[in-house]
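Need a 3D model of the sequence below.
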Amino acid sequence: MSNSPQDWPEPIVRVQSLSEGGLNIIPDRYIKPPTERPSPKRSVSSASSVDCADANIPIIDLQGLNGNQNTRAATLSQISEACHEWGFFQIVNHGVNSHLLDRAREVWHQFFHLPMEVKQQYANSPKTYEGYGSRLGIQKGAILDWSDYYYLHYLPLRLKDYNKWPAQPPPCREVVDEYGRELVKLCGRLLKVLSINLGLQEDFLQNSFGGQDIGADLRVNFYPKCPQPELTLGLSSHSDPGGMTLLLPDDQVTGLQVRKGSSWITVKPAPHAFIVNIGDQIQVLSNAIYKSVEHRVIVNSNKERVSLAFFYNPKSDIPIEPAKELVTANRPALYRAMTYDEYRLDIRLRGPRGKCTVESLKSPG
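Residues are numbered from 1 along each chain as shown. Modelled structure (predicted):
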């Protein structure tokens with residue numbers, strides 16, 4: 001990451017401070033162009049669209065994977081269909097203790113309500129993004145998102161530094177460590193399912209990611225109340241650059257929107273469910289059989305939100321390219337090889353830009 005800048009191009013303003021300062025009008029630098037502003041009831045284009053009020057991403061009971069042959073086959077089929085049709089799905093009965101999920105959300109809620117001088121001790125930079133942050137990308141004068149966040153490395157172990165994790169509230173480091181252990185196991189289990197559904201050996205995707213030497217990161221998003229939510233976004237439209245994401249949403253306040261054709265679908269979280277989504281690296285490895293999908297976050301004038309996004313990624317220096325087993329004369333390799341380190345540098349420099357980055361990998365012709 002030697003090309004990464006050392007500092008932000010402009011002074012950092014914490015969105016939470018703006019929100020709690022009693023603003024009635026948001027600053028211009030958070031106002032999105034009219035075409036990017038949230039409009040849950042209106043389709044992205046004039047084409048026919050899904051009714052956003054009634055649609056929801058699939059909810060899949062993972063307990064079916066432990067059932068009899070028919071039940072397991074039905075569950076595999078549900079996951080395959082969700083990957084093909086949505087790129088997103090929710091999982092329940094996933095094996096992670098609900099009490100741990102509640103604790104994880106609560107410690108991070110407490111962190112974001114600590115005094116600013118405490119949080120500022122962990123202020124991040126664009127060099128690694130690790131720590132307490134309020135923007136992505138380094139373009140001077142960019143239109144920003146209405147959110148703050150905390151980003152930390154969980155794997156590989158050489159990047160795992162407890163000193164960069166919040167010491168307050170006191171259980172935070174312990175909870176994050178346990179949470180990470182459980183999600184690494186769950187992600188490995190899901191990669192096996194995706195490999196089987198692609199017709200590959202069950203360990204194919206895990207091995208393509210680097211075996212046990214993979215990357216895993218946690219980004220905790222904090223979306224403060226916003227006096228003009230119709231003018232901005234908590235997180236701009238993007239597809240996730242990594243392999244696979246497990247999102248623990250706020251199950252009391254909606255905010256995540258998934259692009260489905262010409263519509264934005266507001267996801268209704270199931271209690272203690274994870275939202276799973278395909279990342280750009282799996283799109284490349286599957287030769288676009290599975291596609292990452294654009295998503296964004298809307299904000300609320302009356303309620304704040306906390307969500308935890310756990311990213312399960314390939315080892316940073318392994319070239320990622322379409323699986324040879326999925327390349328045929330009728331379906332040639334659609335993407336050129338690129339390491340994840342090279343890939344995410346584009347995101348860190350430019351910020352979220354829809355699916356521009358993965359599209360730039362397409363092979364000519």
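
Just the element for Arg219, please.
Per DSSP states H and E, Arg219 falls inside strand 215-223.

Val293 too?
Val293 is part of no helix or strand when elements are defined by DSSP H and E.

Report pLDDT for it.
Looking at Val293, its pLDDT stands at 96.

Correct me if wrong: it contacts Arg259.
Yes. Using CB atoms under 8 Å, Val293 is in contact with Arg259, at 5.9 Å. Placement of C-beta: from N, CA and C, glycine included.

which parts of the longest helix along the chain are buried?
The residue-count maximum for a helix in the chain (DSSP state H) belongs to helix 172-197. Residues of helix 172-197 classed as buried by neighbour count (16 or more other CB atoms under 10 Å): 172-173, 175-176, 178-180, 182-184, 186-188, 190-197.

Thr75: what's it in contact with?
Taking CB atoms under 8 Å, 6 or more residues apart in numbering as the criterion, Thr75 is in contact with Ile60, Asp61, Leu62, Gly64, Leu65, Gly67.

what are the ranges of the helices in the stretch 51-200 of the chain?
Here the stretch 51-200 of the chain has its helices, by DSSP state H, counting those that start in this stretch, at 69-85, 98-112, 116-119, 172-197.

among those, which is nearest His272?
Shortest distance between His272 and the helices of the stretch 51-200 of the chain, using CB to CB, is found for helix 98-112: 4.3 Å.

In PDB, list the C-alpha atoms belonging to the closest one.
Taking C-alpha atoms only, helix 98-112 is exported to PDB below (Å, rounded to 0.1, in the frame of the first residue of the first chain):
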ATOM      1  CA  SER A  98     -27.800 -14.200  20.000                       C
ATOM      2  CA  HIS A  99     -26.500 -12.800  23.300                       C
ATOM      3  CA  LEU A 100     -23.100 -12.200  21.600                       C
ATOM      4  CA  LEU A 101     -24.800 -10.300  18.800                       C
ATOM      5  CA  ASP A 102     -26.600  -8.100  21.300                       C
ATOM      6  CA  ARG A 103     -23.400  -7.500  23.200                       C
ATOM      7  CA  ALA A 104     -21.500  -6.600  20.000                       C
ATOM      8  CA  ARG A 105     -24.100  -4.000  19.000                       C
ATOM      9  CA  GLU A 106     -24.200  -2.600  22.500                       C
ATOM     10  CA  VAL A 107     -20.500  -2.100  23.100                       C
ATOM     11  CA  TRP A 108     -20.200  -0.200  19.800                       C
ATOM     12  CA  HIS A 109     -23.200   1.900  20.600                       C
ATOM     13  CA  GLN A 110     -21.500   2.800  23.800                       C
ATOM     14  CA  PHE A 111     -18.200   3.600  22.000                       C
ATOM     15  CA  PHE A 112     -19.800   6.100  19.700                       C
END
